[in-house]
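**Student:** Attaching a predicted model along with its sequence, questions to come.
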Amino acid sequence: MSDRKPEAGGGALPEGANIRVADHPLIKHKLTLMRRKEASTFEFRTLLHELATLLGYEALRDLPLTTIDIETPLTAMEAPILSGKKLCFVSVLRAGDGLLGAMLDLVPSARVGQVGLFRDEKTLQPHKYFLKVPHSLDQRVIVVLDPMLATGNSAVAAVAEIKKAGGLDIRFVCVVAAPEGLRNFTEAHPDVPVTTAAIDDHLNEVGYIVPGLGDAGDRLFGTK
């Protein structure tokens, strides 16, 4: 995984921004297959699940650990185990649900929250219509999930809602990001690291990532 500041057509990113590009060959390969316009809904959904597993592995590599005493079939030992309260995965509806299943495969005991936002197609600003998160957010590692970080407005709003609900240790995972969205997000939430599979070139005039992969929600659910 690369922590270097990437070059992108949308302009320079903030100095010191905590952006991690997961550049494993399998991630690059699967993302290419997802981008193809001829990919079916089934293919897109399957690839998104597989990518989410790989991205989750990268985003969670620094989880805090403690140790417990166990017995193997051969001997007693002190073994590492996750510490603290159970993780919380927060899906930004509706496309975030395409990442959620894979993350729960990694951590089946995690709690789940959801933030419902819709984007005004004229102003590109988000409007909240739903929020449901577990209790004790201040004691949990929280991973916010949304396949696309385009303008960044929805991601900024989602994380702001989670912070208002008590969240402190927050990470953001997406599949594709635009430099404009990353700049917007990291300026609003410099304390929240971003893990992504790719930083694309720019946003078009209607706020879609170019080259991107289209509308992730529509492609995931077959609604267009």
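**Tutor:** Received it, and whenever you're ready, just let me know what you need. Residues are numbered from 1 along each chain as shown.
**Student:** residues making contact with the helix or strand bottoming out on mean pLDDT in the chain?
**Tutor:** Least confident helix or strand of the chain, by mean pLDDT, DSSP states H and E, is strand 126-132 with a mean of 88. Identification of contacts with strand 126-132 by CB atoms under 8 Å, 6 or more residues apart in numbering yields 93, 113-120, 153-154, 157-158, 161, 165. Where C-beta positions appear, they are placed from N, C-alpha and C, glycine not excepted.
**Student:** Buried members of those residues into PyMOL, please.
**Tutor:** Buried members of those, defined by 16 or more other CB atoms under 10 Å, are picked up in PyMOL with:
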select buried, resi 93+113+114+115+116+117+119+153+154+157+158+161+165
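**Student:** Sketch out the low-pLDDT regions of the chain for me.
**Tutor:** 1-16, 124 (pLDDT under 70).
**Student:** Which strands border the strand ranked longest in it, and is each parallel or antiparallel?
**Tutor:** In the chain, ranked by residue count with DSSP state E as the criterion, the top strand is strand 111-119. Strand 111-119 pairs in its sheet with strand 88-93 (parallel), strand 126-132 (antiparallel), by DSSP bridges.
**Student:** Just the residues contacting it, thanks.
**Tutor:** Taking CB under 8 Å, 6+ apart as the rule, strand 111-119 contacts 86-94, 96, 100, 104, 125-134, 140, 142, 144, 153-154, 157-158, 161-162, 207.
**Student:** circling back to that earlier point, nearest to Glu43, of the contacts of strand 126-132?
**Tutor:** Leu93 (22.5 Å; CB to CB).
**Student:** for the closest one, what are its contacts?
**Tutor:** The contact partners of Leu93, by CB under 8 Å, 6+ apart, come to 114-117, 130.
**Student:** In the residues you listed, find the pair that's most separated.
**Tutor:** Between any two of the contacts of Leu93, the greatest separation by CB to CB is 10.2 Å, found for Gln114 and Leu117.
**Student:** Quick one: end-to-end length of stretch 191-199, please.
**Tutor:** End-to-end distance for stretch 191-199: 19 Å, by CA to CA, to the nearest Å.
**Student:** Any of the contacts of strand 111-119 buried? List them.
**Tutor:** Buried members of the contacts of strand 111-119, counted by 16+ other CB under 10 Å: 87-94, 96, 100, 104, 126, 131, 133-134, 140, 142, 144, 153-154, 157-158, 161-162, 207.
**Student:** can I assume Asp69 sits in a helix?
**Tutor:** No: according to DSSP: H, G, I helix; E, B strand; the rest coil, Asp69 belongs to no helix; its state is strand.
**Student:** So it sits against Glu78, correct?
**Tutor:** Yes: the pair Asp69 / Glu78 is scored as a contact, 5.8 Å apart, by CB atoms under 8 Å.
**Student:** Show me what the residue positioned nearest the centre of the chain is bridged to.
**Tutor:** Residue closest to the mean C-alpha point of the chain, counted by CA atoms, centre = their mean, is Val173 at 1.7 Å. Here Val173 sits in beta bridges with Leu145, Thr195, as judged by DSSP bridges.
**Student:** Alright, I will stop here.
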